[in-house]
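Asker: one predicted model, sequence on top.
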Amino acid sequence: MAILPILEVPDPRLRRKALPVAEVDAGIRTLIADMFETMYAAPGIGLAAVQVGSLARVFVMDLQTEGEDGVAVRNPRAFVNPEVLWASDELSTYNEGCLSIPDQYAEVERPARVRARWLDSDGVSHEEELEGLPATCLQHEIDHLDGVLFVDHLTRLKRDILLRKLAKARKDKGK
Ligand code: K1U
Ligand code: ZN
């Protein structure tokens, strides 16, 4: 397994649209394993293949829960060729972050519930209705697979302020 470099804005590769996976083969399973390792190291709760320079339509997500002993319990889930089949009219707002826009957060409004279909790392098909953070994260990651970033959902003013804060943080860090 390997920790892969995560692309950051304004890298134009973040704007490419990922292509459907024809077969969930060993190469895709290696990509998924590397993406989990990269996501846990970042750390993050999701990661799309586009963010590590791959055009496979794949993302990973782990919304860990807390066990009775207070220790985090992992729940790794891989999504291949994910599709939103239905989205609620009701919206919800979450203070989103993005590993490709480090340390910057903003409130994003999205459908509160979605019905989605995808293949897992064994090529088995799943269909499920998600709500709350899983629904938000799934939509954020599918956006990445379509070359869309969470800042694209903000007003121009809010986006400019956030990107200026990022530029200042990088300058202060000497990046
Ligand atoms: O896709 C990404 O850039 C990962 C992103 C996922 C995400 C976060 C919030 C709402 C929607 C999607 C992140 O994981 S940002 C980091 C983050 O949220 C986090 C990091 C450590 C602990 C808990 C959360
Ligand atoms: Zn992101």
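Answerer: Nice, I can see it. Just so it is clear, the model here is predicted, and its values are computed rather than measured. Ligands and ions are numbered 1, 2, ... in the order given.
Asker: please enumerate the strands of the protein.
Answerer: Shown for the chain, the strands assigned by DSSP state E span residues 46-48, 58-62, 65-66, 72-73, 76-87, 91-96, 106-111, 113-119, 125-131.
Asker: is the third one in proximity to ligand 1?
Answerer: Read that as strand 65-66. No - under the criterion of CB under 6 Å from any ligand atom, ligand 1 is not reached by strand 65-66; the shortest gap measures 12.6 Å. Any C-beta I mention is one placed from the backbone N, CA and C, and that applies to glycine too.
Asker: what's next to that strand, contact-wise?
Answerer: Here strand 65-66 makes contact (CB atoms under 8 Å, 6 or more residues apart in numbering) with A72, V73, N75.
Asker: how far off centre is it?
Answerer: Relative to the centre of its chain, strand 65-66 is centred 20 Å away, using CA atoms, centre = their mean, to the nearest Å.
Asker: residue contacts, the residue of the chain found nearest ligand 1?
Answerer: In the chain, the residue found nearest to ligand 1 is G44; the distance is 2.9 Å by CB to the nearest ligand atom. Shown in contact with G44 (CB under 8 Å, 6+ apart): G97, L99.
Asker: and V52, how many neighbours does it have?
Answerer: 23 (other CB atoms under 10 Å).
Asker: please disregard the earlier target; I meant V9.
Answerer: Neighbours of V9 using other CB under 10 Å come to 17.
Asker: tell me which residues touch it, please.
Answerer: Taking CB under 8 Å, 6+ apart, one finds S100, I101, L149, V151, L163, L166 in contact with V9.
Asker: what's the closest of the residues you listed to P10?
Answerer: Ranked by distance to P10 (CB to CB), the contacts of V9 are led by L163 at 8.6 Å.
Asker: residue contacts, the nearest residue in space to that closest one that is not next to it in sequence?
Answerer: Closest residue to L163 apart from its sequence neighbours, by CB to CB, 6 or more residues apart in numbering: V151 at 6.9 Å. With contact taken as CB under 8 Å, 6+ apart, V151 is in contact with V9, C98, I101, A106, R159, L162, L163.
Asker: most neighbours, which of these?
Answerer: That'd be C98 among those, by other CB under 10 Å, with 25 neighbours.
Asker: so what's that one up against?
Answerer: So C98 contacts Q104, H140, L149, F150, V151 (CB under 8 Å, 6+ apart).
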